[in-house]
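> with the sequence up front, the predicted model follows.
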Amino acid sequence: MFDTLSDRLGGVFDKLRGRGALNEADVREAMREVRIALLEADVALPVVRRFIDAVTEQAVGQSVLRSVTPGQQVVKIVNDALVEMLGGEDVPGLDLNAAPPVVIMMVGLQGSGKTTSTAKLAKLIKEKHGKKAMMASLDVNRPAAQEQLKVLGEQVGVITLPIIAGQQPVDIATRALHAAKLQAVDVLLLDTAGRLHVDQQLMEEMRAVAAISAPKEVLLVVDALTGQDAVNVAQNFTAQVPLTGVILTRMDGDARGGAALSMRAVTGQPIKFAGTGEKMDALEAFQPSRVAGRILGMGDIVSIVEKAAASIEAADADKLAQRMAKGQFDMTDLRTQLRQMQKMGGLGALAGMMPGMKKAKAAMQASGMDDRVLLHMDAIISSMTPKERARPELLNAKRKIRIAKGSGTQVQDVNKLIKMHQEMERAMKQIKKMGGLKGLAAMFGKGGMDAAMPGLGQQGLGGGAGGAGLPGLGSGNLPSNIGDLLRKR
């Protein structure tokens, strides 16, 4: 989402870092370019002005200009200001501390993803907070809106209020409250009606529902792709309804990022969640520091680790760790790693969260590489016999031709996969020589990943000059999740 803005800011800061000393004119010129980049990203003008004024005031101070690394100091100041613009270090989560049922009211324009976000949030409340949730659709205008929420409820395993044709929103809210109390529901989510534009009828209807249900949270759902208009929507809702937070949908899209950067300042309320995909688990808590890190090309390693922790099965991790300690790594182990990468969002998602991987990600896109390469590799391994997966050295020319035909790929693709496996197998043997995982952990403390595992270190991750990377993934080389596994062990 922030790729264009990130590229623009990256160019500005590369110039600053390349200079040994900075003067006030250099800083002001850089801030002018940052201002243009933010405006092009569709950030609201008042927000841009406040941001640039705050950053410039700090950046032209003597402590920065006379420091040993003035360029880095300016980047840090911009990073801190971005974090503050997005909501600060401590973004409050859902307030569920009240007598049940706690009511969460979802508001927003039609087409913003409100109903889907309601189901995603209900799933998150059920799984991460351990609360019993219920959903009720108050949208009596959009055809099949109530049926849509019912179907989504069945998908995520959350009960929905039975539909009574012809009942009005206020009456539905009253019935939902009674049903929630009778069924000992902890959290009740009310999906209100959306409109094609903000109108008085909608506002009056929402105020009436709020008066009946006394919601603990009123969350505004905004489509990030609407850009500057999303800010106007937020202003109109803020003037009418007591919002407590914002959910930004389609954060995985190609929006310029203006809505996200402006929303906190315009509404005065934090962005609590971000929709990152169509799947029901694609709703993440919004973390300003992590988003700022991605914008400035610093990466988001914490998110990668969290995704790894969520996607890796404990039994699989234990089994692989034991095999790694013995220096063992066959094609079945490689397939497990490839599938874990798919669960974590694929090559593009991981590259976008890794420090210094912007160029690698761009190279992947330019070469037409996408997550299909993982599927092709999985297909190649699936076309092997169990014996071949356990003993890749058996793969002669005839077997490779058979595997290529069976997986719908070329023999060259099979060779690339075999080479990737050989590189990783060598790394496993290095682990064994260094005393297993304990020895490796000691090495991390002395020289980091590069010292501990040549070829899987920083150079290897990006496949830079001299780096081994993962053969077969081109310039967008990525770790197969082994590094995260090792740290967890």
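Now that the structure is in, tell me what you want to look at. Residues are numbered from 1 along each chain as shown.
> average model confidence for stretch 182-198?
For stretch 182-198, the mean pLDDT works out to 85.
> can you name every helix or strand that the helix ranked longest in the chain contacts?
Looking across the chain with DSSP state H, the single longest helix is helix 411-433. Counting contacts by 3 or more C-beta pairs under 8 Å, 6 or more residues apart in numbering; DSSP states H and E, helix 411-433 packs against helix 314-325, helix 331-343, helix 372-382, helix 397-407, helix 436-452. Any C-beta I mention is one placed from the backbone N, CA and C, and that applies to glycine too.
> name the helices or strands packed onto the fourth one?
The helices and strands touching helix 397-407, judged by 3+ C-beta pairs under 8 Å, 6+ apart, are helix 372-382, helix 411-433.
> only the buried residues of it, if you could.
Counting neighbours by 16 or more other C-beta atoms under 10 Å, one finds that the buried residues in helix 397-407 are 400, 402-404, 407.
> angle of that helix against helix 411-433?
Taking axes from the mean of the first three to the mean of the last three C-alpha atoms, to 10 degrees, helix 397-407 and helix 411-433 form an angle of 110 degrees between their directions.
> same question for the third one.
Our comparison of helix 372-382 with helix 411-433, counting by the same axes, to 10 degrees, yields an angle of 80 degrees.
> check which element follows helix 372-382 along the chain.
Toward the C-terminal end, the helix or strand that comes next after helix 372-382 (DSSP states H and E) is helix 386-390.
> what about this protein, any weak spots by pLDDT?
1-3, 18-20, 62-69, 195-199, 227-230, 253-258, 297-328, 342-371, 431-489 (pLDDT under 70).
> residue boundaries of the strands in the protein?
With strands called from DSSP state E, the chain shows them at 102-108, 133-137, 159-160, 187-191, 217-223, 245-249, 271-275, 283-285.
> most packed of these?
Neighbour counts (mean count of other C-beta atoms under 10 Å) averaged over each of the strands of the chain peak at strand 187-191, with a mean of 28.
> tally of neighbours for Gly93?
Using other C-beta atoms under 10 Å, Gly93 has 14 neighbouring residues.
> quick one, phi/psi of it?
Phi and psi for Gly93, reported as degrees, to the nearest 10, are phi -80, psi -160.
> can you start the count at 32 instead of 1 from here on
Sounds good: first residue 32 from here, last item Gly124.
> that one touches Ile302, doesn't it?
No. Counting by C-beta atoms under 8 Å, Gly124 stays clear of Ile302, with 11.9 Å between them.
> now for the two: what residues contact both?
Here Gly124 and Ile302 share no contacting residue, scored by C-beta atoms under 8 Å, 6 or more residues apart in numbering.
> okay, the helices and strands packed on helix 428-438 in CSV with distance to Leu155 and mean neighbour count next?
Output for those, formatted as CSV (distance: least, C-beta to C-beta, whole Å; neighbours: other C-beta atoms under 10 Å):
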stretch, distance to Leu155, mean neighbour count
helix 403-413, 26, 18
helix 442-464, 35, 18
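> a markdown table for these, including distance to Asp73?
Shown next, in a markdown table, are those (distance: least, C-beta to C-beta, whole Å):
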| stretch | distance to Asp73 |
| --- | --- |
| helix 403-413 | 32 |
| helix 442-464 | 41 |
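> let me see the residues that make contact with stretch 206-217.
In contact with stretch 206-217 (C-beta under 8 Å, 6+ apart) are residues 127, 131-134, 162-165, 167, 190, 192, 195, 198, 219, 221, 243-244.
> hmm, I typed the wrong one, I wanted stretch 413-425.
361-363, 366, 412, 426, 430, 433-435, 437-438, 449, 452-453.
> ok, which pair from those is furthest apart?
Largest separation among the contacts of stretch 413-425 by C-beta to C-beta: Gly437 and Gln453, giving 21.3 Å.
> how about Val201: what's its closest non-neighbour residue?
Residue nearest to Val201 in three dimensions, not counting chain neighbours: Ala239, with 5.1 Å by C-beta to C-beta, 6 or more residues apart in numbering.
> domain ranges for this protein?
The chain breaks down by automatic domain parsing into domains covering 34-117, 133-326, 332-519.
> ok, Ser37 touching Gly324?
No. With contacts counted by C-beta under 8 Å, Ser37 stays clear of Gly324, the gap being 10.3 Å.
> okay, stretch 39-54 in CSV with CA atoms only?
Output in CSV follows, covering the C-alpha atoms of stretch 39-54 (Å, rounded to 0.1, in the frame of the first residue of the first chain):
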residue,chain,number,x,y,z
ARG,A,39,9.9,8.6,-2.6
LEU,A,40,11.0,8.9,1.0
GLY,A,41,13.8,6.3,0.5
GLY,A,42,15.3,8.5,-2.2
VAL,A,43,15.2,11.6,-0.1
PHE,A,44,16.8,9.9,2.9
ASP,A,45,19.5,8.1,0.8
LYS,A,46,20.7,11.6,-0.2
LEU,A,47,20.9,12.7,3.4
ARG,A,48,22.7,9.6,4.5
GLY,A,49,25.2,10.0,1.7
ARG,A,50,26.5,13.3,3.1
GLY,A,51,29.0,13.6,6.0
ALA,A,52,27.6,16.9,7.2
LEU,A,53,24.2,18.7,6.8
ASN,A,54,23.3,22.3,7.0
